[in-house]
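K.L.:
Turn this into a structure:
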Amino acid sequence: MWAPLLFILAVAWIWGQEFPQLGQLINQGNLVEARRILDSELEKTPDHPELSYWKAALELRQGQVTAAEETLQQVIESGRANPPHYIMLADIYNSRQQWDKSAQVYRDALIARYTPRMAYNLALAEFRGGHFQAAIEAVKPLADDPRATPPFHHLLGLAYFGNNDFQEALPYLKKAVEGQPENASIHYDYALALLQNEQLEEAEAEFRKTIEMQPEWARAHLYLGRALHDQNFAEDALKSFQEARRLNPELPLLHHHFGLLHRGRGEFDQAIAEFEAELALGTVSAATCFQLADLLANRGEDERSSQLIAQALRISPDNAEYRLLAAKLALQGERYEEADQHLQAALESEPENDQAYWLLGRLRQAQGLPQQAQEAFQRSRQIKDAKSQRNQP
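P.N.:
Down below sits the predicted model:
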């Protein structure tokens, strides 16, 4: 059965049910009788928009997806379309994961008639297509609208999360949690944003709520362990990681987190083995590449380390921490121009990074530029002193 059909049939009320029998027949699977009545009505009023809708619905039920797509495109191009036409066509594109086409349909629908639901659908299509800023722009105007339900806030929070703006994501995900306190998935997403924002105790609490509702959710156990690990509760973190492994031994980033645990304990051989195991699974994780590169760099394995950090930067080119390791390795290899490029990129991403200025000072020393080196070291000390003063009680 065509997946979106139940929703499609549920929206027929928008026309006032001029042809309710057609919807009943299609929903019941009586397609022969539905076709007979549809053809008869189309002979009388071939341009009736609701009949075009039911024609597409019948074609979908019969597995004629391309025909349904063409039927819907024709009625939309004629200017006679109503919101359900757009929704059905977008559902066809969604089923094919053609998110850009789906988003364009919703944009056209909003020009024809603005509704909060259509704006939400546009944002969802943009989000699924990885266009997080476009998703934010589509749904943000509805954030304070009384008609905005928890899914609106959830989607807006996820879009900010996708943009790596975790601080901005938090209030919307919190609203979503408050609106649907029994929804484990929303608790989980809120917990992830808290974790990324280093609000570790709050993240731990939200992961625990998630697990209370869904005890078999392996990934929730994994990231509960991460929240515990980052609070230096190593033994509790280990138990959570082990539970995640029991539930799903092939869980992505499981080896990565075991590697973090071993590294925190100073068990560097075991940490390297876990990070290598993660990469061997085909996981493309910038964080794993960075952790392994950093450990290998500390052992003088600069060539492999450089390869790994280059891979991490291809995934996350704006990560200042990755740039600093790449600059350090380039500096050690006397590749000064490369080191300079990495440091400039790091400072562009984090202008107040004291480590970047310290490495820049070392680079300028190696280049025989003592005055510039002194200025970089001085700037590094100023930033570090300012951070120290901010952290004082």
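K.L.:
Every contact and neighbour count from this point should use C-alpha atoms.
P.N.:
Will do.
K.L.:
which residues sit against the host helix or strand of M118?
P.N.:
M118 belongs to helix 116-128 when assigned by DSSP states H and E. Surrounding helix 116-128, the residues in contact under the criterion CA atoms under 8 Å, 6 or more residues apart in numbering are 94, 99-100, 102-103, 106-107, 109-110, 132, 134-139, 142, 147-148, 152, 155, 159.
K.L.:
swap the cut-off to 7 Å and go again
P.N.:
If you take CA atoms under 7 Å, 6 or more residues apart in numbering as the criterion, helix 116-128 is touched by 99, 102-103, 106-107, 110, 132, 134-136, 138-139, 152, 159.
K.L.:
could I get those residues as CSV with pLDDT?
P.N.:
Output for the contacts of helix 116-128, formatted as CSV (pLDDT from 0 to 100):
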residue, pLDDT
W99, 96
S102, 95
A103, 96
Y106, 94
R107, 94
L110, 91
F132, 96
A134, 96
A135, 96
I136, 96
A138, 93
V139, 91
F152, 92
A159, 97
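K.L.:
before we move on, the earlier item: the helix or strand just after the helix holding M118 to helix 116-128, inter-axis angle?
P.N.:
Once the chain leaves helix 116-128, the next helix or strand it forms, by DSSP H and E, is helix 132-139. On the basis of axes from the mean of the first three to the mean of the last three CA atoms, to 10 degrees, helix 132-139 is oriented at 180 degrees to helix 116-128.
K.L.:
downstream neighbour of helix 132-139 in the secondary structure list?
P.N.:
Next along the chain after helix 132-139, taking DSSP H and E as the criterion, comes helix 150-162.
K.L.:
Just want the angle from that next one to helix 116-128.
P.N.:
Using the same axes, to 10 degrees, the direction of helix 150-162 lies 30 degrees away from that of helix 116-128.
K.L.:
From the contact counts, what lies against helix 150-162?
P.N.:
Applying 3 or more CA pairs under 7 Å, 6 or more residues apart in numbering; DSSP states H and E, we find helix 150-162 packed against helix 132-139, helix 166-179.
K.L.:
Look up how far A310 lies from L325.
P.N.:
Applying CA to CA, to the nearest Å, the value for L325 to A310 is 10 Å.
K.L.:
Comparing those two, which shows the higher neighbour count?
P.N.:
L325 (24 against 21; other CA atoms under 10 Å).
K.L.:
hmm, back to that, H229: which of the contacts of helix 116-128 is nearest?
P.N.:
Nearest to H229, judged by CA to CA, of these is A159 at 26.9 Å.
K.L.:
Once you drop chain neighbours, what's closest to that closest one?
P.N.:
Once flanking residues are discounted, A159 sits nearest to F132: 5.0 Å by CA to CA, 6 or more residues apart in numbering.
K.L.:
Check which residues of the strand or helix carrying I76 are buried.
P.N.:
Using DSSP H and E, I76 maps to helix 65-77. Neighbour-count burial for helix 65-77, counted by 16 or more other CA atoms under 10 Å, picks out V65, A68, E69, T71, L72, Q73, V75, I76.
K.L.:
One more: stretch 232-245?
P.N.:
Residues A234, A237, L238, S240, F241, Q242, E243, A244, R245 are the ones in stretch 232-245 that count as buried (16+ other CA under 10 Å).
K.L.:
contact partners of it?
P.N.:
With CA under 7 Å, 6+ apart as the test, stretch 232-245 has contacts from A218, R219, H221, L222, L224, G225, R226, L228, H229.
K.L.:
Roughly how far does the nearest residue in space to the last one that is not next to it in sequence sit from S185?
P.N.:
Yep, that's H229 we're talking about. Using CA to CA, 6+ apart and skipping residues adjacent in sequence, the residue nearest H229 is A237, 5.2 Å away. Distance of A237 to S185, given as CA to CA: 21 Å.
K.L.:
Select the helix or strand of this structure having the lowest average pLDDT value.
P.N.:
Sorting the helices and strands of the chain by mean pLDDT, DSSP states H and E puts helix 5-10 at the bottom, at a mean of 42.
K.L.:
Mind giving me the packing neighbours of the following helix or strand past it?
P.N.:
As assigned by DSSP H and E, the chain's next helix or strand after helix 5-10 is helix 20-28. Contact partners of helix 20-28 among helices and strands, from 3+ CA pairs under 7 Å, 6+ apart: helix 31-44.
K.L.:
Can you name every helix or strand that the helix or strand that comes right after the helix it packs on contacts?
P.N.:
Moving toward the C-terminus from helix 31-44, the next helix or strand (DSSP H and E) is helix 49-61. Using 3+ CA pairs under 7 Å, 6+ apart, the elements in contact with helix 49-61 are helix 65-77.
K.L.:
gap between whatever helix or strand comes next after the helix it packs on and the chain center?
P.N.:
Following helix 65-77 in sequence order, the next helix or strand is helix 83-95 (DSSP H and E). The chain centre lies 23 Å from the centre of helix 83-95; the measure is CA atoms, centre = their mean, to the nearest Å.
K.L.:
got the contact list for the residue lying closest to A143 once chain neighbours are set aside?
P.N.:
Of all residues not flanking A143 in the chain, H153 sits nearest, at 6.5 Å (CA to CA, 6+ apart). Going by CA under 7 Å, 6+ apart, H153 touches A143, Y172, L173, K175, A176.
K.L.:
what's A81 in contact with, if anything?
P.N.:
A81 is in contact with P49, V75, counting by CA under 7 Å, 6+ apart.
K.L.:
backbone phi and psi for it, please?
P.N.:
Dihedral pair for A81: phi -70, psi 150, per degrees, to the nearest 10.
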